[in-house]
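pasting the structure only:
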Ligand code: ADP
Ligand code: UDP
């Protein structure tokens, strides 16, 4: 697979064309950002850890019938993916209260949320990713009604698969963000699933094992990501 030109450089990954017009290469960098890109630091090994972590999760999800863009891992930091027409919304499911939900509604951090909530956010750093609803998505043409339903159904199905996976490894999947795109008209899971885009707590101590370690300056960010991987049986070294 021949790597072509860089098409886009985001906060944590770069997207490259390939010699196949239907395939892209995602290059995972060590850049780590928080607060809509206001704070950016390099964390050694982060690109590699997230690329390998994401490959493991995407393969698990595909086996359970979730359509994903993931084709194969090419190296420590690069993966081959199907080219998607990305939908500019973020899909967030929450099993425990944390982050913006607590700030927005005055909910106490850590309470169990049953049934889990589902939220859409507009992917727009300049606007700080505002929360949006189905009506906004349809009226402003960000996605069609049938695609909204497909994103909700798939995001919730991912929850039932991953909640169990993490729990069996003594971790709580607190919340997570997914991004979808269209491939031949089909809603397909894109982007990444890694500790950068979800919250994971140790089941007994509730120690934070995700990007909140970076956001809140708790230290040992990548060491803790590796511990999450170790518990799931992923070799990240
Ligand atoms: P951001 O754009 O939020 O700063 P990243 O640094 O992770 O995020 O950049 C990766 C970009 O690639 C994101 O904008 C994401 O929506 C996009 N992307 C992810 N998977 C695909 C795909 N399969 N096809 C096209 N674009 C993708
Ligand atoms: N999230 C993300 N990218 C974003 C916004 C949120 O990956 O641009 C993830 C975040 O890591 C968490 C979940 O989505 O796992 C919910 O985030 P929240 O709305 O609580 O926002 P935050 O408190 O991170 O600002």
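That came in fine, so what should we check first? Bear in mind that the values here come from a model prediction, so they are computed numbers and not experimental data. Ligands and ions are numbered 1, 2, ... in the order given.

what sits against residue 225?
By C-beta atoms under 8 Å, 6 or more residues apart in numbering, the contact set of residue 225 is 46, 49, 50, 53, 194, 195, 209, 210, 236. Any C-beta I mention is one placed from the backbone N, CA and C, and that applies to glycine too.

gap between it and residue 50?
Computed as C-beta to C-beta, to the nearest Å, the residue 225 to residue 50 distance reads 8 Å.

overlap of the contact sets of those two?
Common contacts of residue 225 and residue 50 (C-beta under 8 Å, 6+ apart): 194, 195.

re the thing from before, and which of the contacts of residue 225 is nearest to residue 88?
residue 194 (20.4 Å; C-beta to C-beta).

so the closest one makes contact with residue 54?
Yes: Residue 194 lies in contact with residue 54 (C-beta atoms under 8 Å); the separation is 5.1 Å.

quick one: residue 93 is in a strand?
Yes: residue state for residue 93 (DSSP: H, G, I helix; E, B strand; the rest coil) corresponds to a strand.

list the contacts of it.
Residues in contact with residue 93 (C-beta under 8 Å, 6+ apart) are 116, 117, 118, 119, 155, 156, 158, 159, 175, 176.

okay, it: pLDDT?
On pLDDT, residue 93 comes in at 98.

tell me the bridge partners for it.
Residues in a beta bridge with residue 93, per DSSP bridges, are residue 118, residue 176.

before we move on, the earlier item: can you add secondary structure and give the contacts of residue 225 back as JSON lines?
Shown next, in JSON lines, are those (three-state DSSP):
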{"residue": "46", "secondary structure": "helix"}
{"residue": "49", "secondary structure": "helix"}
{"residue": "50", "secondary structure": "helix"}
{"residue": "53", "secondary structure": "helix"}
{"residue": "194", "secondary structure": "coil"}
{"residue": "195", "secondary structure": "coil"}
{"residue": "209", "secondary structure": "coil"}
{"residue": "210", "secondary structure": "coil"}
{"residue": "236", "secondary structure": "coil"}
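
can you pull the contacts of the closest residue to ligand 1 within the chain?
Residue of the chain nearest ligand 1, by C-beta to the nearest ligand atom: residue 10 (2.2 Å). Residue 10 makes no contacts at all, as judged by C-beta under 8 Å, 6+ apart.

still on that earlier bit, which one of the contacts of residue 225 is nearest ligand 2?
residue 210 (6.7 Å).
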